[in-house]
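> output the structure for:
(4 chains)
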Number of protein chains: 2
Amino acid sequence: MKPEASPYRSSCPLSKALDLVGDKWSLVIVRDMCLGKKRYGDFQSSPEGIPTNILANRLRQLEENGIIKKQAYQDKPVRHEYLLTAKGADLLPILQQLVLWTQKYDADCWTPPAGFLTAKPEDLLVD
Amino acid sequence: MKPEASPYRSSCPLSKALDLVGDKWSLVIVRDMCLGKKRYGDFQSSPEGIPTNILANRLRQLEENGIIKKQAYQDKPVRHEYLLTAKGADLLPILQQLVLWTQKYDADCWTPPAGFLTAKPEDLLVD
DNA sequence: CAATGTCGCTTGCTTATTGCAAGTGACACC
DNA sequence: GGTGTCACTTGCAATAAGCAAGCGACATTG
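From the prediction side, this is the model:
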């Protein structure tokens, strides 16, 4: 058998991270989840206006990569909510650094909700 | 006159950061520059194997966004090297967090060069 | 109880971006 | 003059993004 081709460009920890969340939408979804959003419609209504097919695709990928988990919150019809795993919650420091960076170099941006910059990953877990 | 359409999806500091560096290659180039690489060929020879047209494109974008600057290091023929600006150097904490995140959840990745995780943005500036 | 509405997607199609390979211009070297 | 290097550019096929419309499972309304 031939060895399965790695989906990663290299084993550099930076490039591996970017292979998982290095696109324009994944971290926007994670941001929303850090802010307490859970449902498909919540993510759709964010100001960036993510296209619905891309949202569905990213939720699938994030779940495959262990960053979020999907669980039913009702039957009939079955509906799901999306929650951060520990791995997903640990993306928070990255989001915080990205926010700090933009704030330093671009005055024309919103101030994040109170507590966002001081929150810790464990605060995001429901347990 | 109609107001110029913003290139940003929103004024959220996170999404604005991703509008600039939210792709699979930009931060790989910044990583290389943090490691002392300066020239076109240096970036091409990184293990991820960036396609040459994308490299040229990203260097142009990074320069337009004030993250790197291009300066000649010789005439005849004119050749340039690429250096981080203060804004680019300040991406270092983001890279470090991305590295820490991968290291925490993926044992199968390289260890960054000594000092990478403890470096500070100001260490990267030549002046 | 048919009609309308909501939620969470999927499908089809167009456009934009990526990736690969080959080519080019300005030189240096032999 | 021929070959090589460096830093790109160009052409083209493959992949991904973005837009609009559709759809299935119900709840609600008249």
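> when you work out contacts or count neighbours from here on, use the C-alpha atoms and nothing else.
Noted.
> the helix or strand containing A:Gly41 and chain B in contact?
In the assignment (DSSP states H and E), A:Gly41 maps to helix A:40-44. No - Helix A:40-44 does not reach chain B (Cα under 8 Å from any Cα of the partner chain); its nearest approach is 13.5 Å.
> could you confirm whether that helix reaches DNA strand C?
Yes - using Cα under 7 Å from any atom of the strand, we find that helix A:40-44 touches DNA strand C at A:Tyr40, A:Gly41, A:Asp42.
> what are the buried residues along whichever helix or strand comes after that helix?
For helix A:40-44, the succeeding helix or strand toward the C-terminus, using DSSP H and E, is helix A:52-64. Residues A:Leu55, A:Arg58, A:Leu59, A:Gln61, A:Leu62, A:Glu63 are the ones in helix A:52-64 that count as buried (16 or more other Cα atoms under 10 Å in any protein chain shown).
> picking that back up, now restrict the residues of helix A:40-44 next to DNA strand C to buried residues only.
A:Tyr40.
> closest to B:Thr111 out of the residues of helix A:40-44 next to DNA strand C?
A:Tyr40 (37.4 Å; Cα to Cα).
> now the closest one. Nearest residue, chain neighbours left out?
Using Cα to Cα, 6 or more residues apart in numbering or on different chains and skipping residues adjacent in sequence, the residue nearest A:Tyr40 is A:Glu81, 7.4 Å away.
> so the one you found sits against A:Lys38, correct?
Yes - using Cα atoms under 8 Å, A:Glu81 is in contact with A:Lys38, at 5.3 Å.
> next up, the contacts around A:Gln97.
B:Pro93, B:Ile94 (Cα atoms under 8 Å, 6 or more residues apart in numbering or on different chains).
> now the angle from the helix or strand it falls within to helix B:92-105?
Using DSSP H and E, A:Gln97 sits in helix A:92-105. Interaxial angle of helix A:92-105 relative to helix B:92-105 (axes from the mean of the first three to the mean of the last three Cα atoms, to 10 degrees): 170 degrees.
> can you check the pLDDT for the residue positioned nearest the centre of chain A?
The C-alpha lying nearest the average C-alpha coordinate of chain A belongs to A:Val30 (Cα atoms, centre = their mean; 2.1 Å). A:Val30 carries a pLDDT score of 98 in this model.
> and for the one 5 residues further on?
Among the per-residue scores, A:Leu35 shows a pLDDT of 97.
> same check on A:Tyr73?
The model's pLDDT for A:Tyr73 equals 87.
> ok, the closest residue to it other than its chain neighbours to A:Arg39 distance?
Leaving aside its sequence neighbours, A:Tyr73 sits nearest to A:His80 (Cα to Cα, 6+ apart; 5.5 Å). Note on A:His80: its distance to A:Arg39, by Cα to Cα, to the nearest Å, is 7 Å.
> need the residues of chain A near DNA strand D, please.
Within chain A, the positions near DNA strand D by Cα under 7 Å from any atom of the strand are A:Asp23, A:Ile50, A:Pro51, A:Thr52, A:Asn53, A:Ile54, A:Asp75, A:Lys76, A:Pro77, A:Val78.
> follow-up on the earlier one: three-state assignment of the residue nearest to A:Tyr40?
strand (DSSP: H, G, I helix; E, B strand; the rest coil).
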